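Asks: Sequence and predicted structure, then a few things I'm wondering about:
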Amino acid sequence: MLLADFHPRSQLITKSTRVDKPRFPVIDAHNHLGEPFGGGWNNKPLPELLDLLDEAGVVTFVDLDGGWGEDILNAHLDHFKVKAPERFQVFGGVDWSQWESKGDEFPEWAAGRLKIQKERGAQGLKIWKRFGLHVRDHEGELVKVDDPRLIPIWESAGELGLPIMIHVADPVAFFDPINETNERFEELGAHPDWAFTSPPFPAFMNIMNDLANLVARHPNTTFIGAHVGCYAENLGWVGALLDRCPNFFVDISARIAELGRQPYTVRRFFIQYADRILFGTDMGLDLDAYRIYYRFLETDDEYFNYDMELVPSQGRWQVYGVYLPDDVLMKVYSENARCVLEMEG
Ligand SMILES: [Zn+2]
């Protein structure tokens, strides 16, 4: 038998709690509504989407798919935000491809686009993982995450009150050689294009140190480090950056696998940084995914699958619930997002 065909069934008989609804209303601060991650809801009827949000217990949903031009942003704002303003926020972005034609003018130009996006209704800025790995300047040089030429973009976001949801580098195993010691070996086998083996890519820690420099250099700009600060494997590192930079926050999206396999550390982390952690799933509008997140945060269930696959997709392990206290849960579910995303009420 091949290891790939080995699907052992746990014989543990332990408590299993079904959590259909969150204990408190939820703001999903990291998710998508377009293609390919969000299910293409920009082309589907809105009432159906609102029913699903109600069923999931989600009061507000942050759609990171506003893109970087005006066309996609306008389409998403018109389809979601205009019709149900209290249920959605739409984030815009930076069109890195314009660096080539704009040359040295690019950073000021990109900063100016943020103003236009904000006027149109965008409420934040999403920086995708290409930044630090693929984004190049007009001379074809790879751009570092803390490149000082880009200061106008980050300062503008701060002045405009646009929080920046930033994802760089993570997960760390994607930078390691793909061999028998790589804990994401099977996942990389299924998605070879997710590998950023270094070299030729920059080392993981170089990118992370650049992220820390960036966040520290712009104290008046709010940064949300996607997927537990882009380093869910090392909460000591994330905690140190949270300690150093009051303008830094994290979301927990798509990293239940990492969090749930270190439940003691994670429970302490949530309690210590209860004001700095935002709920998010990054799973589109998937009710089963929401229920796994709620079960993880609310119960002390042990050794359960963190996704819906027979072999869990990020690695062959199971997770443990962290039964957060109600006051911490309320902050993570919505209160922190309400502050960071500058919402009323
Ligand atoms: Zn995402």
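Replies: Yes, it's here. Numbers count the residues shown, from 1 in each chain.

Asks: so what pLDDT did the residue sitting nearest the centre point of the chain get?
Replies: When CA atoms, centre = their mean is applied to the chain, the residue found nearest the centroid is Ala226 (3.4 Å). Listed pLDDT for Ala226 reads 98.

Asks: which non-adjacent residue is nearest it?
Replies: Nearest residue to Ala226 in three dimensions, chain neighbours excluded: His167, at 3.8 Å (CB to CB, 6 or more residues apart in numbering). In short, each C-beta sits where N, CA and C put it, glycine included.

Asks: all strands of the chain, in order?
Replies: Applying DSSP state E to the chain gives strands spanning 26-31, 58-63, 88-92, 124-127, 164-166, 223-225, 248-251, 277-278.

Asks: Dump these to JSON lines, plus distance to Phe304 and mean neighbour count.
Replies: Converted to JSON lines, the strands of the chain look like this (distance: least, CB to CB, whole Å; neighbours: other CB atoms under 10 Å):
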{"stretch": "strand 26-31", "distance to Phe304": "20", "mean neighbour count": "27"}
{"stretch": "strand 58-63", "distance to Phe304": "22", "mean neighbour count": "24"}
{"stretch": "strand 88-92", "distance to Phe304": "31", "mean neighbour count": "26"}
{"stretch": "strand 124-127", "distance to Phe304": "31", "mean neighbour count": "26"}
{"stretch": "strand 164-166", "distance to Phe304": "28", "mean neighbour count": "25"}
{"stretch": "strand 223-225", "distance to Phe304": "26", "mean neighbour count": "28"}
{"stretch": "strand 248-251", "distance to Phe304": "22", "mean neighbour count": "26"}
{"stretch": "strand 277-278", "distance to Phe304": "21", "mean neighbour count": "28"}
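
Asks: for these, which one sits closest to Ile72?
Replies: strand 88-92 (9.0 Å; CB to CB).

Asks: Which strands or helices does that closest one pack on?
Replies: For strand 88-92, the packing partners by 3 or more CB pairs under 8 Å, 6 or more residues apart in numbering; DSSP states H and E come out as strand 58-63, helix 70-76, helix 106-120, strand 124-127.

Asks: Which of those comes out lowest on mean pLDDT?
Replies: Minimum mean pLDDT among the helices and strands packed on strand 88-92: helix 70-76, a mean of 93.

Asks: List the buried residues for it?
Replies: 70, 72-76 (16 or more other CB atoms under 10 Å).

Asks: The residue nearest to Gly284 when sequence neighbours are not counted: neighbouring residues, count only.
Replies: In this structure, Gly284 finds its nearest non-sequential neighbour in Gly39, 4.5 Å apart by CB to CB, 6+ apart. Gly39 has 19 neighbours, counted by other CB atoms under 10 Å.

Asks: which parts of stretch 312-329 are buried?
Replies: Quick answer for stretch 312-329 (16+ other CB under 10 Å): 312, 314-315, 319-322, 324, 328-329.

Asks: brain fart, stretch 94-105
Replies: 94, 96, 98-99.

Asks: cool, stretch 101-121 as well?
Replies: Applying a neighbour-count criterion of 16+ other CB under 10 Å, one finds 106-107, 109-111, 113-114, 117-118, 120-121 buried in stretch 101-121.

Asks: ok now that stretch, how far from the chain's centre?
Replies: Chain-centre distance of stretch 101-121: 23 Å, with CA atoms, centre = their mean, to the nearest Å.

Asks: got it, and stretch 144-161?
Replies: With CA atoms, centre = their mean, you get 20 Å for stretch 144-161.

Asks: Other residues contacting it?
Replies: 94, 107-108, 110-112, 114-115, 118, 125, 131-132, 137, 143, 163-164, 168, 207, 210-211, 213-214, 217-218, 220-222, 342 (CB atoms under 8 Å, 6 or more residues apart in numbering).

Asks: Could you tell me the model confidence score at the closest residue to Trp237 other than its chain neighbours?
Replies: Distance criterion CB to CB, 6+ apart; nearest residue to Trp237, sequence neighbours excluded, is Tyr231 at 5.3 Å. Tyr231 is assigned a predicted lDDT (pLDDT) of 98.

Asks: what sits against Tyr231?
Replies: Going by CB under 8 Å, 6+ apart, Tyr231 touches 169-170, 172, 208, 225, 237-238.

Asks: Buried ones only from those residues, please, as a ChimeraX command.
Replies: To isolate the buried members of these in ChimeraX, using 16+ other CB under 10 Å:
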select :169,170,172,208,225,238
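
Asks: Would you reformat the contacts of Tyr231 as CSV and include distance to Gly284?
Replies: Below are the contacts of Tyr231 laid out as CSV (distance: CB to CB, whole Å):
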residue, distance to Gly284
Ala169, 23
Asp170, 20
Val172, 25
Met208, 27
Gly225, 21
Trp237, 29
Val238, 25
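
Asks: Now do the contacts for Arg87.
Replies: 50, 53, 59-61, 80.

Asks: for Val250, that is, sorry about that
Replies: 224-226, 228-229, 238, 242, 273, 276-278.

Asks: if we go to 6 Å?
Replies: 225, 228-229, 277 (CB atoms under 6 Å, 6 or more residues apart in numbering).

Asks: Look at it and report its pLDDT.
Replies: 98.

Asks: Okay, it and Asp327: tell me how far apart.
Replies: 19 Å (CB to CB, to the nearest Å).

Asks: Next: Glu258.
Replies: 24 Å.

Asks: about what we covered before: is it possible to get JSON lines of the strands of the chain that adds distance to Pro8?
Replies: Below are the strands of the chain laid out as JSON lines (distance: least, CB to CB, whole Å):
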{"stretch": "strand 26-31", "distance to Pro8": "32"}
{"stretch": "strand 58-63", "distance to Pro8": "34"}
{"stretch": "strand 88-92", "distance to Pro8": "41"}
{"stretch": "strand 124-127", "distance to Pro8": "39"}
{"stretch": "strand 164-166", "distance to Pro8": "38"}
{"stretch": "strand 223-225", "distance to Pro8": "35"}
{"stretch": "strand 248-251", "distance to Pro8": "32"}
{"stretch": "strand 277-278", "distance to Pro8": "33"}
